[in-house]
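K.L.:
attaching a predicted model along with its sequence, questions to come.
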Amino acid sequence: MYNANKVIPGIIIFILFFTIPIWLNFGRLEAIPKPELPKKEKKCIESKEYMRAYHMKLLDDWRKKAIRENKYIYTASDGKKYFISLQRTCFKCHNDTEKFCDKCHNFVITHPDCWDCHIAPEVAKKWQ
Amino acid sequence: MAIKRRDFLKLTGLTLVGTAASAAVGDLLTRGEAKAEEEYASPPEALKGKRWAMVIDVKKCKKGKEKGCNEKCIEACHYLHNVPSIPDKKKEIKWIWEDEFEHAFPEQTNEYLEEIFKDIPFLFLCNHCDNPPCVRVCPTKATFKNEEGIVMMDFHRCIGCRFCMAACPYGARSFNWVDPRPYIEKVNPEYPTRTKGVVEKCLFCYERLAKGKMPACVEACPEKALIFGDLADENSEVSKILRERVAIRRKAELGTGPAVFYLID
């Protein structure tokens, strides 16, 4: 290999430079978001893992079924039935979007515009 | 390094097998996610219809107004659906509103009718047409006709192009030129607001029908001047009334098939 004494250190410097965020944050855990879970209810509509991974997909399916097909009742995998509505069902337990939704969404820098139209419970409280 | 033909063919075969296998595995992995249809159902208490329609008895409406009903229908609707009251007429949002006969029925050429209906208030709302021009022009399917005859809107999909407003011959649609929230005094936390850049209109209270309730304006009217029901059902109140009494519709000659009828006898 020609110029190995320049190329190999070059590659090492390049890799180090691109992995700077990993080294700078190595072992630090304080940034992990801790959303405040509802106090009165212990179980969400589906399992914790499912909700974590697919809550947006579930909401999207809910919207399509309710608005397009007039199917307003969702039967969860445990057989419990829920009326499809973000403000009338989800917000009954999750009553503060800032302390719940925004915690993770800010962490991963995704800003869905749900609350431009759907009235967040804490906003509704202040409004009246 | 030259590759031998034999090796090349072997590799090609292997790639094909690999692609097929990964597709099959992918299918197996995602199968668990696909939700069965039975998980969604319509509520048992929901009012069900094939062609929802409204009949407005304008004389009863006049009587109510004389008694001072204070346009309870408009108030109830606009409160429940968080419709803002924007003072600037160019930016106003309306789901149900009142106007004069001569402004809304330009095709009625009998000028004496205008005289007859001079003092009679006419309520206007989306006509939920059989053949809605707004649905035809919507490029995103944000507005569509549902199986119960309601011209629905999925506000999430509205891109604010306003083709539907140009297409609607009844002026039933309003565009949010500004953020509506500062103009909503009393908020209903059970229903969303809209946002700047979205078109909105009356949706025949689909969310109340799903709960087995009549539309808000029908329920709020103290004179029972608004009658709501299923035109497809021969025995419904609206069908019976329309068989017995004289009703007109707005601009029916355009072929849109409006489903809001005005009793004029």
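P.N.:
Looks like it arrived, so ask away.

K.L.:
which secondary structure elements does the helix or strand of chain B with the lowest mean pLDDT contact?
P.N.:
Ranked by mean pLDDT, DSSP states H and E, the weakest helix or strand in chain B is helix B:111-116, scoring a mean of 84. Identification of packing neighbours for helix B:111-116 by 3 or more C-beta pairs under 8 Å, 6 or more residues apart in numbering or on different chains; DSSP states H and E yields helix B:101-104. C-beta here means a position set from N, CA and C on the backbone, and glycine is covered the same way.

K.L.:
just the C-alphas of the helix it packs on, formatted as CSV.
P.N.:
Below are the C-alpha coordinates for helix B:101-104, written out as CSV (Å, rounded to 0.1, in the frame of the first residue of the first chain):
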residue,chain,number,x,y,z
PHE,B,101,-84.2,34.6,1.1
GLU,B,102,-83.2,36.7,-1.9
HIS,B,103,-79.5,36.2,-1.2
ALA,B,104,-79.7,32.5,-1.1
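
K.L.:
up against chain B, what does chain A have?
P.N.:
Within chain A, the positions near chain B by C-beta under 8 Å from any C-beta of the partner chain are A:54, A:61, A:63, A:65-76, A:83-88, A:113, A:116-119, A:121, A:124, A:127-128.

K.L.:
I'd like to know which of those residues are buried.
P.N.:
A:61, A:63, A:65-67, A:70-74, A:76, A:84-87, A:117-119, A:121, A:124 (16 or more other C-beta atoms under 10 Å in any protein chain shown).

K.L.:
pLDDT of stretch B:92-106, averaged?
P.N.:
Here stretch B:92-106 scores 92 as its mean pLDDT.

K.L.:
so what touches that stretch?
P.N.:
The contact list for stretch B:92-106 (C-beta atoms under 8 Å, 6 or more residues apart in numbering or on different chains) reads B:71, B:73-74, B:77-78, B:81, B:83-86, B:108, B:113-114, B:117-118, B:120-126, B:174, B:176, B:180, B:194, B:200-202, B:217, B:248, B:250-251.

K.L.:
quick one: residue B:165 from residue B:172, how far?
P.N.:
In this view, residue B:165 and residue B:172 are 9 Å apart by C-beta to C-beta, to the nearest Å.

K.L.:
hmm, who's touching stretch A:83-93?
P.N.:
Here stretch A:83-93 makes contact (C-beta under 8 Å, 6+ apart) with A:38, A:40-41, A:44, A:59, A:62, A:65-66, A:71-74, A:82, A:114, A:118-121, B:40, B:43, B:189-192, B:207.

K.L.:
run the chain-centre distance for that stretch.
P.N.:
Remark: stretch A:83-93 is offset 17 Å from the chain centroid, using C-alpha atoms, centre = their mean, to the nearest Å.

K.L.:
and stretch B:52-59, by the same measure?
P.N.:
The chain centroid and the centroid of stretch B:52-59 are separated by 17 Å, computed with C-alpha atoms, centre = their mean.

K.L.:
buried ones in that stretch?
P.N.:
B:52-58.

K.L.:
cool, and stretch B:134-141?
P.N.:
Neighbour-count burial for stretch B:134-141, counted by 16+ other C-beta under 10 Å, picks out B:134-135, B:137-138.

K.L.:
tell me which two of those residues sit farthest apart.
P.N.:
B:135 and B:137 (7.6 Å; C-beta to C-beta).

K.L.:
need the overlap of contacts for these two.
P.N.:
Common neighbours of residue B:135 and residue B:137 (C-beta under 8 Å, 6+ apart) are residue B:164.

K.L.:
hmm, who's touching the least confident helix or strand of chain B?
P.N.:
Against helix B:111-116 from outside (C-beta under 8 Å, 6+ apart): B:101-102, B:105, B:108.

K.L.:
drop anything exposed from those.
P.N.:
Buried members of those, scored by 16+ other C-beta under 10 Å, are B:101, B:105, B:108.

K.L.:
which of these lies closest to residue A:22?
P.N.:
Distance to residue A:22, by C-beta to C-beta, is smallest for residue B:105 among these, at 71.8 Å.

K.L.:
relative to chain A, how far out is the closest one?
P.N.:
According to C-beta to the nearest C-beta, to the nearest Å, residue B:105 stands 33 Å off from chain A.

K.L.:
roughly how far does that residue sit from residue B:57?
P.N.:
Using C-beta to C-beta, residue B:105 is found at 16 Å from residue B:57.

K.L.:
residue B:165 and residue B:172 - which one has more neighbours?
P.N.:
For residue B:165 and residue B:172, the more surrounded residue by other C-beta atoms under 10 Å in any protein chain shown is residue B:172, and the numbers stand at 25 against 17.
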